[in-house]
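Novice: Sequence first, predicted model second:
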Amino acid sequence: MSKTKDGTHAGRRGFLKGAGLAGVAAFAAPLKAVAQTPTAGARNPVPLPNKAAETAPPPALEVLTEGKSGSDFMIDCIKSLGFEYMAANPASSFRGLHESLINYGKNTNPEFLTCSHEEISVAMGHGYYKIEGKPLCVFAHGTVGLHHATMALYNAWCDRVPVYVVIGNTMDAQMRRPGIEWNHTAQDAAAIVRDYTKWDDYPASLQHFAESSVRAYKIAMTPPTLPVLIVADGSLQEDPIPEGLKLRIPKLPQVAAPQGDSGAVSETARLLVNAENPVLIADRYARTQTGANRLVELAEILQCPVIDTSSRLNLPSRHPLNQSGRARAHVSRADVILGLEMTDYWNSLNTYRDQVHRTSERIVRDAAKTIHLGSGDLYIKSNYQDFQRFADVDLAIAADGETTMPALIEAVKKLVNAGKKSNYEARGKKLAADHIADLQRTRLDATHGWDASPISTARLSMEMWAQIKNEDWSLASPTASVSYWPQRLWKMDKQYHFIGDGGGMGIGYCASASVGAALANRKHGRLTVALQCDGDLLMTIGVLWTAAHHKIPILSVMHNNRGYHQEVMHVQRMAARHMRGLDRAHIGTTLRDPNIDYAKIAQGMGVEAIGPISDPKDLAPALKRGIAIVKGGQPCLIDVVTQGR
């Protein structure tokens, strides 16, 4: 505790008395000054605050902790896990952790990333992982902060992405401050996200926290990789570590992912090698470049088609065996189909019609053998239905696809003889010719409406490609909203060239996840670009300030179609079904009257911005300027007014 002039300790009463006197002093001087200096024309002058008194510490402080606090040890635990960054919107429930991180922990490893919303914090971690291959740490406020984070956590859950979340909470009722702290406390703080987190815990002691923090990281990084959550109790954070208490941080083990059963792998190899028309379908398979390279190796040994679902970049877009544009045709002819880390295998094997009477039809041949290799069966929950419809397969191998791939490749190699190689080569030549034909047709399709205004998504994509193709680039946004033009037209051959979709498809993912990916790309010197949807940005627009504040270089090119276009199409479908015409489908689905000027908003957040651009001739100069800004280490936004899709 602090001491008074006579050497005695100043207790809580002294602190409160000192704080009260400081408050009186803060207001007395301005009131007196205003009274003596009347302002012309002002009937009721408002006292000006004394800024010096507001920012100065109280004259007497009650020292609550001497030596290390519990939050200091918690930060030691978090540091042991190797986090580079911690993203958060500041909050009182983790104030102990916050202070320990920036002072005791020197704000390094992890560094505090200031976010304006918890959904931004978690979504940044989502994008960061898909580039860096390790989680971002997130702090969140006990109840209301975690409520804000839920959408982003669900997206990460659906996308099989680990995010490491620590929330504050105060279990002991006598330790809660009256009023708001009760509103921000829960008996079971993690309950609202338990359906879409892999594991959570509420440690009752510091040693418990140490063990659970390491356990959580291990669980998050064991396939299927998923979000986890730890509750840091307020009293544990803020109280001093009891004298003589021996604490130990466990070692973080290296995680060996589960590998497929050797018999099942051998049987899969036999079926693939002997098939006339084998097909590989890859979904959330490639976590690393090594995993993507091994898929290429398997496909080239078999010279068979690969269908990439766009959940990750599993196969180079210009590889001759990439037959994603002919998915239905290949599946319908196949005699053996191997799905890799599929989240919606049923959709790849069936057609579906969204009409008054919804119907589906299996397109796979009756005699075809279907196999699934993936870790999804190792962990599943029942409430949220992200696991999709049950896929009727012949062999399900519950194991990590990347980890099992080397054994599958070796098993295939052992069975391939000279005669089979000759047959495979002929098959590969036909697939290569089809791939070239598809690319030529796509390029022709992209020219339709080339000079139109609003600008076509094909031209937007091609103008971007022309400017970035000679850079070391990374596309950090999904592409469904722009008709998948980047995958169809760009040359993507590195795993970080495309990080896939947003998992749960919750709007608000793209803006923040793209900034998180750009954060990970920054130390590699890569140019991060994103095709940013307008409605998505409005959900989490504060991430622009985070990018500016932390100098995260990213080129965000707005796909500003001035509406929620997918919802426009859904309303049109319903109107057509009910025979009511399509002329009113814009109501409730468009962002017009007034039009939103995203460039002005970005500038107000501290981000360099260009636009709005509606003439396609202005695109190339704007992109060149934007790239120069980003290569200089700053974020930039270009507002482009576009067609629907």
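Specialist: Structure received.
Novice: Can you pull up the most central residue in the protein?
Specialist: H126 (2.4 Å; Cα atoms, centre = their mean).
Novice: For that residue, pull up the helix or strand it's in.
Specialist: helix 118-132 (DSSP states H and E).
Novice: Could you check how far G508 is from T150?
Specialist: 11 Å (Cβ to Cβ, to the nearest Å). All C-beta spots, glycine's among them, are computed from the backbone N, C-alpha and C.
Novice: Among those two, which residue is more densely surrounded?
Specialist: When G508 and T150 are compared on other Cβ atoms under 10 Å, the one with more neighbours turns out to be G508, at 23 against 16.
Novice: follow-up on the earlier one: which secondary structure elements does the helix holding H126 contact?
Specialist: Using 3 or more Cβ pairs under 8 Å, 6 or more residues apart in numbering; DSSP states H and E, the elements in contact with helix 118-132 are strand 85-88, strand 137-140, helix 144-158, helix 509-522, helix 543-549.
Novice: Now render these as JSON lines, adding distance to I241 and mean pLDDT.
Specialist: As requested, those are arranged in JSON lines below (distance: least, Cβ to Cβ, whole Å; pLDDT from 0 to 100):
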{"stretch": "strand 85-88", "distance to I241": "21", "mean pLDDT": "98"}
{"stretch": "strand 137-140", "distance to I241": "20", "mean pLDDT": "98"}
{"stretch": "helix 144-158", "distance to I241": "26", "mean pLDDT": "96"}
{"stretch": "helix 509-522", "distance to I241": "33", "mean pLDDT": "97"}
{"stretch": "helix 543-549", "distance to I241": "33", "mean pLDDT": "98"}
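Novice: Could you dump those into TSV with distance to L295 added?
Specialist: Rendered in TSV, the data for those read as follows (distance: least, Cβ to Cβ, whole Å):
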stretch	distance to L295
strand 85-88	30
strand 137-140	31
helix 144-158	22
helix 509-522	22
helix 543-549	33
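Novice: Could you point out which of those sits nearest E361?
Specialist: helix 144-158 (26.2 Å; Cβ to Cβ).
Novice: before we move on, back to that, pLDDT wise, what is the residue nearest to the centre of the chain at?
Specialist: Per-residue pLDDT puts H126 at 98.
Novice: wait, it sits on G503?
Specialist: Yes: if you go by Cβ atoms under 8 Å, H126 and G503 touch, sitting 7.5 Å apart.
Novice: Need the residues touching each of these two.
Specialist: By Cβ atoms under 8 Å, 6 or more residues apart in numbering, H126 and G503 have these common neighbours: 155-156, 159, 161, 509.
Novice: farthest pair in those residues?
Specialist: Checking those with Cβ to Cβ, the most distant pair is V161 and Y509, at 10.7 Å.
Novice: Give the residues shared as contacts by these two.
Specialist: With Cβ under 8 Å, 6+ apart applied, the overlap between the contact sets of V161 and Y509 consists of 126, 503.
Novice: State the distance from G82 to L252.
Specialist: 8 Å.
Novice: could you pull out the strands for the stretch 101-250 of the chain?
Specialist: Ranges of strands within the stretch 101-250 of the chain are 111-114, 137-140, 164-169, 199-201, 228-233, based on DSSP state E, counting those that start in this stretch.
Novice: which residues touch the fourth one?
Specialist: Contacting residues not belonging to strand 199-201 are listed as 190, 193-194, 208, 212, 215-216, 219-220, 228-231 [Cβ under 8 Å, 6+ apart].
Novice: Can you give the strand pairings for it, parallel or anti for each?
Specialist: Using DSSP bridges, the strands paired with strand 199-201 in its sheet are strand 228-233 (parallel).
Novice: Name the residues that touch the partner strand?
Specialist: 71, 74, 94, 96-97, 142, 162-172, 189-190, 193, 197-204, 209, 212-213, 216-217, 219-220.
Novice: on that earlier part again, next, the angle from the helix holding H126 to strand 164-169.
Specialist: With axes from the mean of the first three to the mean of the last three Cα atoms, to 10 degrees defining the directions, helix 118-132 sits at 160 degrees from strand 164-169.
Novice: orientation of helix 118-132 relative to helix 144-158 in degrees?
Specialist: Between helix 118-132 and helix 144-158, the angle formed by their directions is 30 degrees, by the same axes, to 10 degrees.
Novice: Return the distance of the residue nearest to the centre of the chain relative to L81.
Specialist: 18 Å.
Novice: Same check on A458?
Specialist: If you measure A458 against L81 using Cβ to Cβ, the figure is 44 Å.
Novice: Most neighbours out of the shared contacts of H126 and G503, which is it?
Specialist: Across these, neighbour numbers were computed from other Cβ under 10 Å; A156 holds the maximum, 32 neighbours.
Novice: All the helices of the stretch 401-550 of the chain, residue numbers only.
Specialist: Listed in chain order, the helices of the stretch 401-550 of the chain (DSSP state H, counting those that start in this stretch) span 401-415, 418-446, 457-468, 485-489, 509-522, 534-539, 543-549.
Novice: The second one packs against which elements?
Specialist: Helices and strands in packing contact with helix 418-446 are listed as helix 289-302, helix 457-468, helix 485-489; criterion 3+ Cβ pairs under 8 Å, 6+ apart.
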